[in-house]
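**Q** need a structure here:
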Amino acid sequence: MSKTTRDRYAPVADAAEWPVSYDADRGTYHTRCAVTDYEPASTAVVMAVAVIVGVSPDDLESLSTRVDPDALNTLVVDWYESESRAGDGSITFPFDECTVTVRADGQIVIEPDCSVDTPPRS
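**A** This is a model prediction of the structure:
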């Protein structure tokens, strides 16, 4: 029996609303964002990256230095409400030692990468 992509991810931790899983084949972490007021995409990104790099969310760089959190949230809500385009969009940006991709279907893919334009953590 073949495994689905989701089956091969190893659970890492719960970050806010959605669990964070690790894809050992690709070296990436995966979570989702809810399109709600209580957990916008920006919150899901911050919480997941904090889990992955092993720090408190308060110890991360400000998300706004990399992407406008309100614009990110609005974009994801727009994708969600425009079901005909739901699978078409994504946005990728560096954030605190990682490369983050937020996809139109709500999936967040985080690739740890110390070579991105982020100063090393002291």
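**Q** show me where this protein has its strands.
**A** Remark: strands assigned in the chain by DSSP state E are 9-15, 18-23, 28-32, 90-95, 98-103, 107-112.
**Q** Gly27: how many residues sit nearby?
**A** Residues within reach of Gly27, counting by other C-beta atoms under 10 Å, total 10. Where you see a C-beta, it was placed from the backbone N, CA and C, and this is true even at glycine.
**Q** just to check, it is in contact with Ile110?
**A** No - counting by C-beta atoms under 8 Å, Gly27 sits too far from Ile110 to count as a contact (10.4 Å).
**Q** am I right that Val51 is in contact with Pro19?
**A** No - counting by C-beta under 8 Å, Pro19 is not a contact partner of Val51; they are 9.6 Å apart.
**Q** those two: who's more crowded?
**A** Val51 (20 against 16).
**Q** for Thr92, which non-adjacent residue is spatially closest?
**A** The shortest distance from Thr92 to any non-neighbouring residue, by C-beta to C-beta, 6 or more residues apart in numbering, is to Thr101 (4.4 Å).
**Q** bridged to the one you found, which residues?
**A** With DSSP bridges applied, Thr101 shows beta-bridge pairing to Thr92, Val109.
**Q** dump the residue contacts of it.
**A** Contact analysis of Thr101 by C-beta atoms under 8 Å, 6 or more residues apart in numbering lists Ser90, Ile91, Thr92, Ile108, Val109, Ile110, Glu111.
**Q** low-confidence stretches in this structure?
**A** Residue ranges of the chain with pLDDT under 70: 1-18, 35-38, 83-87, 114-122.
**Q** show me where it has its helices.
**A** Assigned by DSSP state H, the chain shows helices spanning 41-53, 69-81.
**Q** quick one: buried residues of the last one?
**A** In terms of neighbour count (16 or more other C-beta atoms under 10 Å), helix 69-81 has its buried residues at Pro69, Leu72, Asn73, Leu75, Val76, Trp79, Tyr80.
**Q** quick check: of those, which lies closest to Glu61?
**A** Closest approach between these and Glu61, by C-beta to C-beta: Pro69, at 12.6 Å.
**Q** appreciated, that's everything.
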